[in-house]
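Student: Sequence plus predicted model, see below.
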Amino acid sequence: MAILTFEDVSFIRKQQALLNHISWQINEGENWGILGLNGAGKTLLLQLITGSLWPSKGRLTVLDQVFGQTSIPELSKRIGWVSTALQYRLNVNDTAERIVLSGKFASIGIYQKFTQEDLNTAKEILVSLDAESLIGKNYHFLSQGERQIVLIARALMAEPELLILDEPCNGLDLFAREELLIKIDHLMRQPDAPGLLFVTHHTEEILPIISHVMMLKNGEIFAKGLREEMMTEALLPKFYDKPITMYALSEQRKVVLPANHLN
């Protein structure tokens, strides 16, 4: 079954196509990375998937729901979206577990009734992410890496069928980034893990658990396919339009730098 399907989708604003002729499908069992530089259209693509924006042309189906024929609020509960931008909307005086709990309702803050069992579930998710030490702490006092863990836990609270991580390593130092990537890798290897959509502009963040990669460039799909077919020294210079140097960070993780970088 397809998790999402774009059929010749375009998004037009002020007579300019910001996303153009997007045809793309994610099937069950696939984890996708979206690779693109700033301004490529990655955020717009995510806003379409989550229903924040609507296609100007084409047909978009997410989790069997066709846009224009479904309830977006109900669909949003089936999608976990982690974005750094979300941090600035949260109540920083809430404890980590209350922020996680808000994910059950897909809301900023908690306005609905909840049970002690709900709160215990929020704590258990933090424990499962090796973040038990964050329980009881105000979000305000957490590090950037800890905040990202809380946001991932919040996204998992509603047991989503699709988990979107929008540049989750943004703002993290080298060590915090690797720690977060290890936790994401562990999470996605669980048998009940949701489908993953991992958005980045750093090739080294494309983890082995990501089976497919889609390259987005100037609002269009440049290439898409199996990760090992995309992350090559033949294709990446064409994608970037500049000479690159590629290093192996590990057997399946690649670092790409400009060819004229300082040695």
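Tutor: Thanks, I have it. Numbers count the residues shown, from 1 in each chain.
Student: what are the ranges of the helices in the stretch 1-150 of the chain?
Tutor: 42-49, 72-76, 84-87, 96-102, 116-128, 144-156 (DSSP state H, counting those that start in this stretch).
Student: Distance from the helix or strand P237 falls within to the middle of the chain?
Tutor: Using DSSP states H and E, P237 falls within helix 236-240. Distance of helix 236-240 from the chain centroid (CA atoms, centre = their mean, to the nearest Å) equals 23 Å.
Student: buried set for that helix?
Tutor: 236-237, 239 (16 or more other CB atoms under 10 Å). For the C-beta atoms, the positions are set from N, CA and C on the backbone; glycine is no exception.
Student: ok so, going back, would you list the helices of the stretch 1-150 of the chain in JSON lines and tack on mean pLDDT and distance to A248?
Tutor: Output for the helices of the stretch 1-150 of the chain, formatted as JSON lines (pLDDT from 0 to 100; distance: least, CB to CB, whole Å):
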{"stretch": "helix 42-49", "mean pLDDT": "92", "distance to A248": "25"}
{"stretch": "helix 72-76", "mean pLDDT": "78", "distance to A248": "39"}
{"stretch": "helix 84-87", "mean pLDDT": "75", "distance to A248": "28"}
{"stretch": "helix 96-102", "mean pLDDT": "90", "distance to A248": "36"}
{"stretch": "helix 116-128", "mean pLDDT": "91", "distance to A248": "31"}
{"stretch": "helix 144-156", "mean pLDDT": "92", "distance to A248": "25"}
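Student: what helices or strands is the worst-scoring helix or strand of the chain on mean pLDDT leaning on?
Tutor: Every helix and strand in the chain was compared by mean pLDDT, DSSP states H and E; the lowest is helix 84-87, with a mean of 75. Under the contact criterion of 3 or more CB pairs under 8 Å, 6 or more residues apart in numbering; DSSP states H and E, helix 84-87 touches helix 144-156.
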